[in-house]
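Colleague: this one's sequence-less:
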């Protein structure tokens, strides 16, 4: 949280100077300590979050790339009149532990054009897809594989 608060401080100031960084570091430390205390988190849990940050940033990049790829696939379907949607509903279990991983997976699927999550409970997801090809291998898609690596 410290890094996020410090980054927010720098963005809101609009420039980087030694004074802004020093003041921001004190304010970010105080805000992150207060946030951790209010949420009941220990310093160890905050360190674990910091260790996950590179993987989560990588996940965001992969999500953006998948959104772009799916956008082109859906645009191709729209422009190509010979290719008609053949909607399917797929149910699968992600096998992911922890509710935040499954919620992140459900939201990632919904953000990707051509698919959306109809229902999510635990690791059980029901996904609507514009065509069967979009739903192929969804139980072991790149999102699931990456979320398995994030501990």
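Modeller: Done, it's in. Predicted model, so just to flag it, every value in this text is computed and none were measured.

Colleague: how about stretch 93-103: buried residues?
Modeller: Across stretch 93-103, burial judged by 16 or more other C-beta atoms under 10 Å covers 94, 96, 101, 102. Where C-beta positions appear, they are placed from N, C-alpha and C, glycine not excepted.

Colleague: What are the contacting residues of that stretch?
Modeller: Here stretch 93-103 makes contact (C-beta atoms under 8 Å, 6 or more residues apart in numbering) with 105, 120, 122, 123, 124, 125, 139, 144, 147, 148, 150.

Colleague: from those residues, which would you call buried?
Modeller: By 16+ other C-beta under 10 Å, those give 105, 120, 123, 125, 144, 147, 150 as buried.

Colleague: any idea of the mean pLDDT in the host helix or strand of the first one?
Modeller: When you say that, I think you mean residue 105. Using DSSP states H and E, residue 105 sits in helix 99-111. Per-residue pLDDT values over helix 99-111 give a mean of 92.

Colleague: Does anything pack onto the longest helix seen in the chain? Which helices or strands?
Modeller: Ranked by residue count, the top helix of the chain under DSSP state H comes out as helix 43-79. Packing partners of helix 43-79 (3 or more C-beta pairs under 8 Å, 6 or more residues apart in numbering; DSSP states H and E): helix 2-13, helix 18-39, helix 99-111, helix 142-149.

Colleague: That one: how far from the chain's middle?
Modeller: Distance of helix 43-79 from the chain centroid (C-alpha atoms, centre = their mean, to the nearest Å) equals 5 Å.

Colleague: Can you list the buried residues in it?
Modeller: Buried residues in helix 43-79, defined by neighbour count with 16+ other C-beta under 10 Å: 46, 59, 63, 66, 70, 73, 74, 77.

Colleague: and the angle from the following helix or strand past that helix to helix 99-111?
Modeller: Downstream of helix 43-79, the next assigned helix or strand under DSSP H and E is strand 88-93. Counting by axes from the mean of the first three to the mean of the last three C-alpha atoms, to 10 degrees, strand 88-93 lies at 170 degrees to helix 99-111.
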